[in-house]
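**Q** What follows is a predicted protein model with its sequence.
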Amino acid sequence: MKKDLIILRRKKAKELFKEGWSIGKIARYLLTRKNSVSKWIRLSDEELLTDNRGWKKGRPRKYNIKTKEEIKKIRKELEKEESYFIGAKVVRKNYENLTGENVSKDFVDRTLKEAGMVKSPQRKIKGISKYMKYPQKTLLKLGKSMMSIDFIGPKYLQGSGNGISFLSCKYIRPQKHGIVKRVSGQTTEQTIKTLKEIWKNNSIPDVIKIDNDSAFGTNLSHDRCIGKLVLFLLNLGVAPLYIAPRSPWNNGENEGFNSVFSKKFWNRLRFTNENEIDIKIKDFNIAYEKYSKLISNKIGRVKEEYIDSFNGIDLENKQVKKFRSNKIYFLRIVRRKNEKGSAKEYGFINIMNEEIKIPKSLINLFVFCVLDLKSKTLSICTELDNGMLNKVKSIKFKIENIIY
């Protein structure tokens, strides 16, 4: 298309938009894409007359060759230092800190890709969580600080049949920060012991996101009972948030961190014994903390509490009146009971080994459940498009092994 023609089309798009035409209608009228129209109507009068088509391939329009060389140099230096984190985000931040100039992540990505220094990432499938009414807005408002925990492993040293397990802890907000600790087993006792160690120097969160692993679970040997870990958390003022069973992406922050740990640490290094692992894992935790601070500059302003503040307090207390947090949260997907379309069809969720009927219109959608220990009620809600909760059902739900 000739330069004068593209300029005329841009001008026409802006004129029609000012007259009240929609972007879609303008695109159909000018026989072009809506994305193009969206760009054209935002252009200034000076930009309307600029046409950069035909620019020599490989030559950056905004950045010069020197910028490219500096980016590649930073990447090579990070590799020489054997840094755990050498991706485009880290290279970009190092460049900006070194030169004081801003550079886009897309440009850094392209530069490293052209130099054969990175692989193209797999494209993520988006939209599934929104379709299933995943309560994203509710979770964002749930507590000022949140972390998630998960087990990694067991993994094995060469020539050894003894499995090695880790507890990974990922702070989600206000700051993003990850810590991995080796544990002697995937048990409740080891979880509590490790969290006590971590919370000596890292603040205790308002909410902790966990899966339905038996070590984290609310059930003991009976229904409607809560376990030792939950008591420990409630007495500290931490509200447990249980993700939906068989939906690890609900805990995506931790799953991503676990992937980084496996790729950058376990699959990259070689160990001869567990003591060597413990030494190296400290380096990894320090490196990840530096990485988090480099990439995320968000500084949270929340009241910070540490485990030493609870010396002398019974963290196994079972009295509701003494809990510092009285709520347990559950994410659940409504499942179908009986044959689809039959008279007996209905939806249900399972909480603490108890089946709860849900309207069949919610089958395959997420519900957000709040167990209030003080009022002995379980509220089951869906999230509306505006982020507000719509209560679907509320039932009496008393926990058997605590004192009211």
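**A** Thanks, I have the structure now.

**Q** which residues does Leu30 contact?
**A** The contact partners of Leu30, by Cβ atoms under 8 Å, 6 or more residues apart in numbering, come to 9, 12-13, 37. C-beta coordinates here come from the backbone N, C-alpha and C atoms, glycine included.

**Q** shaky segments in the stretch 251-400 of the chain?
**A** 297-302 (pLDDT under 70).

**Q** Would you map the strands across it?
**A** With DSSP state E, counting those that start in this stretch applied, the stretch 251-400 of the chain shows strands at 327-333, 335-337, 346-351, 354-358, 366-372, 377-383, 389-396, listed in chain order.

**Q** mind putting those strands in CSV, mean neighbour count included?
**A** Formatted as CSV, the strands of the stretch 251-400 of the chain follow (neighbours: other Cβ atoms under 10 Å):
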stretch, mean neighbour count
strand 327-333, 21
strand 335-337, 14
strand 346-351, 18
strand 354-358, 16
strand 366-372, 21
strand 377-383, 19
strand 389-396, 13
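
**Q** wait, which of these is closest to Ala27?
**A** strand 377-383 (33.1 Å; Cβ to Cβ).

**Q** contact partners of that closest one?
**A** Here strand 377-383 has contacts from 133-138, 349, 351, 356, 358, 362, 365-372, 389-397, using Cβ under 8 Å, 6+ apart.

**Q** Helices along the stretch 201-350 of the chain, start to end?
**A** 228-236, 252-261, 274-295 (DSSP state H, counting those that start in this stretch).

**Q** So which residue is dead centre in this structure?
**A** With distances taken as Cα atoms, centre = their mean, the chain has Glu253 as the residue nearest its mean C-alpha position (3.1 Å).

**Q** Just the element for Glu101, please.
**A** For Glu101, there is no helix or strand it lies in under DSSP states H and E.

**Q** Contacts only, for it.
**A** Applying Cβ under 8 Å, 6+ apart, the residues near Glu101 are 67, 95.

**Q** how about a cut-off of 7 Å?
**A** With contact set as Cβ atoms under 7 Å, 6 or more residues apart in numbering, Glu101 has no partners.

**Q** just how off-centre is stretch 279-287 within its chain?
**A** Centre-to-centre, stretch 279-287 and its host chain are 22 Å apart (Cα atoms, centre = their mean, to the nearest Å).

**Q** what sits up against it?
**A** Stretch 279-287 is contacted from outside by 83-85, 179-180, 182, 265, 269, using Cβ under 7 Å, 6+ apart.

**Q** quick check: domain ranges of the protein?
**A** The record assigns the chain these domain ranges, following automatic domain parsing: 3-48, 65-114, 129-404.

**Q** sec struct for the closest residue to Leu112 other than its chain neighbours, please.
**A** Distance criterion Cβ to Cβ, 6 or more residues apart in numbering; nearest residue to Leu112, sequence neighbours excluded, is Val118 at 4.5 Å. Classification of Val118 using DSSP: H, G, I helix; E, B strand; the rest coil returns coil.

**Q** switch to numbering from 53
**A** Done: numbering now begins at 53, and the last item shifts to Val170.

**Q** how many other residues sit next to Val170?
**A** 18 (other Cβ atoms under 10 Å).

**Q** Just the pLDDT for it.
**A** Per-residue confidence at Val170 stands at 72 (pLDDT).

**Q** Double-check it against Val160; I have them as touching.
**A** No: counting by Cβ atoms under 7 Å, Val170 does not reach Val160; the two are 9.4 Å apart.
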